[in-house]
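Asker: this one's structure only:
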């Protein structure tokens, strides 16, 4: 139980730190795209009798790099590139798994779609290590990643290694999603990359505050969702995601109401208020 | 040593030749304006200088170093025509201007007080210090342009390259830029700017280079606008511009152009 909470907390903290750059580049659905390409990776692994997890990570990294290269060339939009990734991924996975000796579809699913409930100690250790590394990288490189995501041409003129940073983002996303999805499930990791960011930016004004708020919302939703799911006996991963979405809705409504609130005009100041200086 | 030396540059992309045999020198402390009608290739020229567009032929030297070996990008401050489509997430004025410091300090060093001071100084120079914590999306077009100038100035460059800084910008902001650029020049900076029309920037310009059809059509003092072109705020998008004549309408008529 505690292991599952630990897993959720780590993802709640780390996923938004990565996801904020994906949202900025309008690649919010890439988590799912990578999950599907990972299926092909599993198929490759089963076919070649290698560890399917390792091949899944490699293939999804290649897929994410492919999406990035397509996006960079500018002729195909991000969303179309993601769609190609999705469908190619599923189709590739199904075909390859069918070709391998170990050809039951159930195997495919169990290699990839873990869930929060079945988190083992080893899983927690792995995602803690992964989460720590990703968080460190995202925070260390924040100024550079922000510059690239905010104005890629200017970043290039500044001499920043734009292509390398973009590819690094692609590979980091792929590795994070593929490894985390086995422990906490694909739904949780992809949703936590973008939903807390969407919620945070309803009320924030700048990039740094958005990132901090998104991480706070991620962790908060993870804890609260976990507790609620234990009480009500629902799937913890899905409950956490629904809670994060609820935060988004509340903040969206709240900020809209705040913006149209009647403003106090000067005439409403009581006449006996004297402002000195 | 010229700050910028372009020798017989040729640029083409998408199978089209955009620039042919373009040569240009910019000396330290000069303010050079690159003028031309839309589609003349003037923006391509500076984008090629900045390595955003590959050079097809010829050579470019920056600060005496061949472009392909040039590494001191912090010495160049680039002000694009508008903010990049930064997309989904908000950013404050301060955060955008801070990205101008990255060329100076490198991507692995965390920001220090010198960086913060440079950002504030740059914002003070463009008159936006009071907006430092505001989201850039809430600024007017002219204020966003001033933010981009501040971003370029924050890196403490020796050369400022501006792409159409006054396009679509209100008159008050244009006056503000002119003052900022004047200050930059007075401190020893060099300026290269692309413009469709100069407005309040005209007194600043030492030399104008007119690009037409991918070639340099005129280099020398700023051509005097003639006739209705002399009206302030006059817009050069003429219906007959579909068939460009050499020069910009009456600005540099064919009989007055150098070979």
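Answerer: Nice, I can see it. Since the model is a prediction, treat every value here as computed from it, not as a measurement.
Asker: So which elements touch the helix or strand harbouring residue B:34?
Answerer: According to DSSP states H and E, residue B:34 maps onto strand B:31-35. Here strand B:31-35 touches helix B:42-49, strand B:190-195, strand B:207-212, going by 3 or more Cβ pairs under 8 Å, 6 or more residues apart in numbering or on different chains; DSSP states H and E. For every residue, glycine as well, the C-beta is placed using N, CA and C.
Asker: Can I get the ones you listed in a markdown table including mean pLDDT and mean neighbour count?
Answerer: Shown next, in a markdown table, are those (pLDDT from 0 to 100; neighbours: other Cβ atoms under 10 Å in any protein chain shown):
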| stretch | mean pLDDT | mean neighbour count |
| --- | --- | --- |
| helix B:42-49 | 89 | 23 |
| strand B:190-195 | 92 | 24 |
| strand B:207-212 | 88 | 22 |
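Asker: of all those, which lies closest to chain A?
Answerer: Between chain A and the helices and strands packed on strand B:31-35, the shortest gap by Cβ to the nearest Cβ is with helix B:42-49, which sits at 8.7 Å.
Asker: So which elements touch that closest one?
Answerer: The contact analysis (3+ Cβ pairs under 8 Å, 6+ apart) places helix B:42-49 against strand B:4-13, strand B:16-26, strand B:31-35, strand B:57-62, strand B:159-163, strand B:190-195.
Asker: Okay, and the beta partners of the residue nearest to the spatial centre of chain B?
Answerer: Nearest to the geometric centre of chain B sits residue B:162, at 1.4 Å (Cα atoms, centre = their mean). Per DSSP bridges, the residues bridged to residue B:162 are residue B:79, residue B:193.
Asker: thinking again about what came up before, distance to residue A:10 for the helices and strands packed on helix B:42-49 - can I get that in CSV?
Answerer: Shown next, in CSV, are the helices and strands packed on helix B:42-49 (distance: least, Cβ to Cβ, whole Å):
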stretch, distance to residue A:10
strand B:4-13, 46
strand B:16-26, 51
strand B:31-35, 53
strand B:57-62, 46
strand B:159-163, 45
strand B:190-195, 50
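Asker: number of nearby residues for residue B:175?
Answerer: 13 (other Cβ atoms under 10 Å in any protein chain shown).
Asker: Need phi/psi at it.
Answerer: The phi and psi values for residue B:175, taken as degrees, to the nearest 10, are phi -60, psi -40.
Asker: where's it relative to residue B:199, distance?
Answerer: Distance of residue B:175 to residue B:199, given as Cβ to Cβ, to the nearest Å: 9 Å.
Asker: so what sits against both of these two?
Answerer: Common contacts of residue B:175 and residue B:199 (Cβ atoms under 8 Å, 6 or more residues apart in numbering or on different chains): none found.
Asker: who in chain B is up against chain A?
Answerer: Chain B comes close to chain A at residues B:50-52, B:71, B:73-74, B:76, B:78, B:80, B:83-84, B:86-92, B:94-96, B:98-100, B:102-103, B:107-108, B:110-111, B:133-135, B:151, B:155, as judged by Cβ under 8 Å from any Cβ of the partner chain.
Asker: Verify the stated contact: residue B:180 with residue B:125.
Answerer: Yes: in this structure, residue B:180 is within contact of residue B:125 by Cβ atoms under 8 Å, at 5.5 Å.
Asker: list the residues that contact both of those two?
Answerer: The contact sets of residue B:180 and residue B:125 overlap at residue B:153 (Cβ under 8 Å, 6+ apart).
Asker: isn't residue B:212 right next to residue B:39, touching?
Answerer: No: Residue B:212 lies out of contact with residue B:39 (Cβ under 8 Å); the separation is 9.8 Å.
Asker: residue contacts, residue 135?
Answerer: Chain wasn't specified; assuming chain A. By Cβ under 8 Å, 6+ apart, the contact list for residue A:135 reads A:13-14, A:17.
Asker: wrong chain, I was asking about chain B
Answerer: Residue B:135 sits in contact with A:205-206, B:90-93, where contact means Cβ under 8 Å, 6+ apart.
Asker: Was I right to think residue A:235 contacts residue A:228?
Answerer: No: Residue A:235 is not in contact with residue A:228 according to Cβ under 8 Å; the separation is 11.1 Å.
Asker: got any residues that touch both of the two?
Answerer: None of the residues lies in contact with both residue A:235 and residue A:228 under the rule Cβ under 8 Å, 6+ apart.
Asker: Roughly how far does the closest residue in space to residue A:87 that isn't next to it in sequence sit from residue B:83?
Answerer: Counting by Cβ to Cβ, 6 or more residues apart in numbering or on different chains, residue A:36 is the residue found nearest to residue A:87 once chain neighbours are left out, at 7.8 Å. Separation of residue A:36 from residue B:83 (Cβ to Cβ): 34 Å.
Asker: Give the bridge partners for residue B:13, please.
Answerer: Residue B:13 has these beta-bridge partners by DSSP bridges: residue B:16.
Asker: what about it, how many neighbours?
Answerer: For residue B:13, using other Cβ under 10 Å, the count is 12.
Asker: How many neighbouring residues does residue A:121 have?
Answerer: Under the neighbour criterion other Cβ under 10 Å, residue A:121 is assigned a count of 10.
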